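Visitor: The sequence and its predicted three-dimensional model are supplied below.
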Amino acid sequence: MLSRFRPDLGWSDVTPRAAFLNRRQLLAGAAALTVAGPAAAKLSYVKSDYSTDLEPNTFEEITRYNNFYEFGTGKDDPMAHARQLTTDPWSVKIDGLVDRAGDYDLADLLSGVALEERIYRFRCVEAWSMVVPWVGFQLSDLLDRIGVQPSAKYVAFETLVRPEEMPGQQYPILDWPYREGLRLDEAMNPLTILATGLYGEEMPNQNGAPIRLIVPWKYGFKSIKSIVRISLTDTQPQTTWNMQNAREYGFYSNVNPEVDHPRWSQASERRIGGSLFSGREPTLMFNGYGEYVADLYAGQDLTKDY
Ligand SMILES: Nc1nc2c(c(=O)[nH]1)N[C@H]1C(S)=C(S)[C@@H](COP(=O)(O)O)O[C@H]1N2
Ligand SMILES: [Mo]
């Protein structure tokens, strides 16, 4: 069996034959993929109206300049060390205030899911940015399927803890596991996706394989990588960077050019890959996604709820 635990997933339709295939083969069969090579299976997906028209960063830029502290704090540490991470098999625990809690094999979670390309602006709190063609599906699809209970108000996420394969976790750089969270309405917003790939291929390890969150109107650290647990809660979850330094990193962390980081300005950003002579660009409120998300924060003071 692919999964040791097989909760009654309404949409899950894994055939007996699939049980003999690994996830890559399963994806190749189920989604009519063509296999490009041993490392990267091509994903099949549809385009999305939520994508930006901006020119995406190159695959090299997106996969060689990363933040993934489980592999070290340098921008090139993930590229150097993440290849050793085992991402198949992969299980995601779903628990808390849901109707269908359980430990789900990733192939089961993805079975029947139609993937979309979402070309999004991506803005790190460190004031650099990229444009990335993610492939994924709306978190709301998954939440609908697992049955969110009426008392749930937040969604909490955790990254894998496996110090043998994640050398950064051999040191107390952060309080592992890396944790993130969203308010339920933020999680249900159509812009919020779980991404399983980029540039039409399975997610490179250094970008958070095999499944990560993408919340394009928030600073990049909210977009937690290599997720192994999704919990529905009625209280605001603890989040890694807020635990690390609450004055500098709030729970909301919406991109906001008017609220500076205590140690640097957030008014502008440097686009990775831009020429030496191209200047900084102005940072946009909600990273340019205000038409979709500003309503979520009506009546909130975003200088207090930073
Ligand atoms: N588990 C985990 N997720 C993480 C991080 C991390 O260190 N560990 N870094 C965050 C930060 S600060 C950013 S900017 C983005 C970087 O994503 P990218 O490397 O795909 O550009 O991942 C976020 N998700
Ligand atoms: Mo970041």
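Guide: It's in. Numbering: from 1, shown residues only. Ligands and ions are numbered 1, 2, ... in the order given.
Visitor: For the rest of this, base every contact and every neighbour count on C-alpha atoms.
Guide: Will do.
Visitor: near ligand 2, which residues of the stretch 201-306 of the chain show up?
Guide: For the stretch 201-306 of the chain, the residues in contact with ligand 2 (CA under 5 Å from the ion) are 220-221.
Visitor: show me where the stretch 201-306 of the chain has strands.
Guide: Per DSSP state E, counting those that start in this stretch, the stretch 201-306 of the chain carries strands over the ranges 201-202, 212-214, 227-233, 268-271, 281-282.
Visitor: in the third one, what's buried?
Guide: Within strand 227-233, the residues that qualify as buried by neighbour count (16 or more other CA atoms under 10 Å) are 227-233.
Visitor: Could you do the second one as well?
Guide: Judged by neighbour count (16+ other CA under 10 Å), strand 212-214 contains these buried residues: 212-214.
Visitor: And for the fourth one?
Guide: The neighbour-count check on strand 268-271 (16+ other CA under 10 Å) flags 268-271 as buried.
Visitor: what's the span of stretch 270-284, first residue to last?
Guide: One end of stretch 270-284 to the other measures 13 Å (CA to CA, to the nearest Å).
Visitor: I misspoke; the intended subject was stretch 193-210.
Guide: Stretch 193-210 end-to-end distance (CA to CA) = 14 Å.
Visitor: sorry, back to before: figure out which of the strands of the stretch 201-306 of the chain is closest to L143.
Guide: Closest to L143 of the strands of the stretch 201-306 of the chain is strand 227-233 (CA to CA; 9.3 Å).
Visitor: Could you name the helices and strands sitting against that closest one?
Guide: strand 91-96, strand 154-159 (3 or more CA pairs under 8 Å, 6 or more residues apart in numbering; DSSP states H and E).
Visitor: Show the contacting residues for the spatially closest residue to F221 that is not a sequence neighbour.
Guide: In this structure, F221 finds its nearest non-sequential neighbour in C124, 6.9 Å apart by CA to CA, 6 or more residues apart in numbering. Contact analysis of C124 by CA atoms under 8 Å, 6 or more residues apart in numbering lists 219-221.
Visitor: Closest to I119 out of these?
Guide: Nearest to I119, judged by CA to CA, of those is G220 at 14.9 Å.
Visitor: The closest one: neighbour count?
Guide: Number of residues near G220 (other CA atoms under 10 Å) recorded here: 23.
Visitor: okay but it is in contact with R123, surely?
Guide: Yes: G220 is in contact with R123 according to CA atoms under 8 Å; the separation is 5.7 Å.
Visitor: where's the residue of the stretch 51-200 of the chain found nearest ligand 2 relative to G96, distance?
Guide: Minimum separation of the stretch 51-200 of the chain from ligand 2 (CA to the ion) falls at C124, amounting to 3.9 Å. C124 is 30 Å from G96, where distance means CA to CA.
Visitor: Same check on L184?
Guide: Distance from L184 to G96, by CA to CA: 13 Å.
Visitor: any chance of the contacts of C124 in CSV, with pLDDT too?
Guide: Converted to CSV, the contacts of C124 look like this (pLDDT from 0 to 100):
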residue, pLDDT
Y219, 98
G220, 98
F221, 98
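Visitor: Go back to those residues and keep what's next to ligand 1.
Guide: Applying CA under 6 Å from any ligand atom, the subset of these adjacent to ligand 1 comprises 220-221.
Visitor: Could you identify which of the helices and strands packed on strand 227-233 is most buried?
Guide: Looking across the helices and strands packed on strand 227-233 with neighbours counted as mean count of other CA atoms under 10 Å, the highest average goes to strand 154-159: a mean of 24.
Visitor: and it with strand 91-96, angle?
Guide: Orientation of strand 154-159 against strand 91-96 (axes from the mean of the first three to the mean of the last three CA atoms, to 10 degrees) gives an angle of 150 degrees.
Visitor: Partner strands of whichever helix or strand comes after strand 154-159 and their direction?
Guide: The helix or strand immediately downstream of strand 154-159 is strand 179-183, counting by DSSP states H and E. According to DSSP bridges, strand 179-183 forms sheet pairs with strand 154-159 (antiparallel).
Visitor: can you pull out the helices in this protein?
Guide: According to DSSP state H, the chain carries its helices in the segments 23-30, 59-64, 77-81, 106-110, 139-146, 184-188, 240-244, 290-293.
Visitor: quick one: which of these is nearest ligand 1?
Guide: helix 59-64 (6.1 Å; CA to the nearest ligand atom).
Visitor: tally of neighbours for the closest residue to D175 other than its chain neighbours?
Guide: Excluding the flanking residues, the one nearest D175 by CA to CA, 6+ apart is T240, at 6.9 Å. T240: 23 surrounding residues under other CA under 10 Å.
Visitor: before we move on, what about D49?
Guide: For D49, the neighbour count with other CA under 10 Å is 9.
Visitor: How about E291?
Guide: 8.
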